[in-house]
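A.B. asks: Pasting the sequence and the predicted coordinates here, then a few questions.
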Amino acid sequence: MGEIVKRTKEAMIIAITNPLDVATYVLSTQFDYPRNLILGTGTMLETYRFRRILANKYQVDPKNISGFVLGEHGNSAFVAWSTTACAGFPIDDLDEYFHHTEKLSHKAVEDELVQVAYDVINKKGFTNTGIAMAACRFIKSVLYDEHTILPCSAVLDGEYGLHDVALSIPRMICADGVMRSFEIHLTDDELEKLHAAAKSVRSALDGAGIK
């Protein structure tokens with residue numbers, strides 16, 4: 001990043017390096033670079049995986065599944081079930097509409113979401129394809145000025161009462177980078193998980209002596 005700023009402050013920077021949220025925060029705060037031009041892939045990969053898990057369960061196109069995984073990239077990421085639906089159908093009604101006798105288990109989906117990462121690592125040795133897809137999705141939204149809303153990591157500026165930390169929440173991405181962040185309504189449980197994620201990232205930053 002030190003070499004980049006010698007040459008430009010106009011390029012879009014997409015952070016993929018782990019620890020993702022720590023890296024995103026450092027890039028955004030330590031180099032006097034426009035913050036709207038810096039984002040981390042954050043929980044986009046977890047969101048892709050989450051939507052695929054639900055799509056497989058109900059045998060539908062993953063593009064019909066909406067909803068976000070938010071917070072810190074990694075095991076402390078959480079499913080924001082309050083944002084989840086399928087083609088506009090409320091998530092809690094899907095079993096009725098699809099005539100499932102076994103009710104959707106939020107915990108089972110969340111456990112599978114965590115296990116997927118380990119399965120990929122154990123079978124391939126690394127996770128390259130999924131994160132590449134996530135990075136390409138952000139690139140596409142910038143190149144085509146899509147104004148699309150995706151979960152990505154960036155520095156919080158008072159959203160949910162949080163400062164001095166980078167986390168994934170829904171953000172609008174376009175040719176100008178991160179155009180705006182959305183403080184969408186979350187349940188009390190989801191808010192608690194978001195604040196726990198903030199403490200986790202802030203602890204890592206403090207441990208590295210980063211203000």
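C.D. replies: Perfect, thanks for sending it.

A.B. asks: mind checking the longest strand of this protein?
C.D. replies: strand 163-174 (DSSP state E).

A.B. asks: Just want the most central residue of the chain.
C.D. replies: Closest residue to the average C-alpha location of the chain: T43 at 2.2 Å, with Cα atoms, centre = their mean.

A.B. asks: Could you list everything the residue lying closest to that residue once chain neighbours are set aside pairs with in the sheet?
C.D. replies: Leaving aside its chain neighbours, T43 sits nearest to S168 (4.0 Å; criterion: Cβ to Cβ, 6 or more residues apart in numbering). C-beta: built from backbone N, CA, C; applies to glycine. Using DSSP bridges, the beta-bridge partners of S168 come out as G71, S153.

A.B. asks: Could I get the pLDDT score of S168?
C.D. replies: S168 carries a pLDDT value of 98.

A.B. asks: and it, how many neighbours?
C.D. replies: 30 (other Cβ atoms under 10 Å).

A.B. asks: for the least confident helix or strand in the chain by mean pLDDT, packing partners?
C.D. replies: Least confident element among the helices and strands of the chain, by mean pLDDT, DSSP states H and E: helix 106-124 (a mean of 92). Judged by 3 or more Cβ pairs under 8 Å, 6 or more residues apart in numbering; DSSP states H and E, the packing partners of helix 106-124 are helix 44-58, strand 78-86.

A.B. asks: got the ones you listed as a markdown table, with mean neighbour count, mean pLDDT and distance to G207 columns?
C.D. replies: Converted to a markdown table, those look like this (neighbours: other Cβ atoms under 10 Å; pLDDT from 0 to 100; distance: least, Cβ to Cβ, whole Å):
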| stretch | mean neighbour count | mean pLDDT | distance to G207 |
| --- | --- | --- | --- |
| helix 44-58 | 20 | 97 | 24 |
| strand 78-86 | 21 | 97 | 22 |
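
A.B. asks: Out of the ones you listed, which gets nearest to E112?
C.D. replies: helix 44-58 (5.5 Å; Cβ to Cβ).

A.B. asks: tell me the angle the closest one makes with strand 78-86.
C.D. replies: 50 degrees (axes from the mean of the first three to the mean of the last three Cα atoms, to 10 degrees).

A.B. asks: list the helices and strands helix 44-58 packs on?
C.D. replies: Against helix 44-58 (3+ Cβ pairs under 8 Å, 6+ apart) you get strand 65-70, strand 78-86, helix 106-124, helix 129-143, strand 148-157.

A.B. asks: That helix to helix 106-124, inter-axis angle?
C.D. replies: Going by the same axes, to 10 degrees, helix 44-58 makes 110 degrees with helix 106-124.

A.B. asks: How about residues contacting helix 44-58?
C.D. replies: Residues outside helix 44-58 that contact it (Cβ atoms under 8 Å, 6 or more residues apart in numbering) are 61-62, 64-69, 73, 77, 79, 84, 86, 94, 98, 100, 104, 109, 112-113, 116-117, 127, 130-131, 133-134, 137-138, 150-152, 168.
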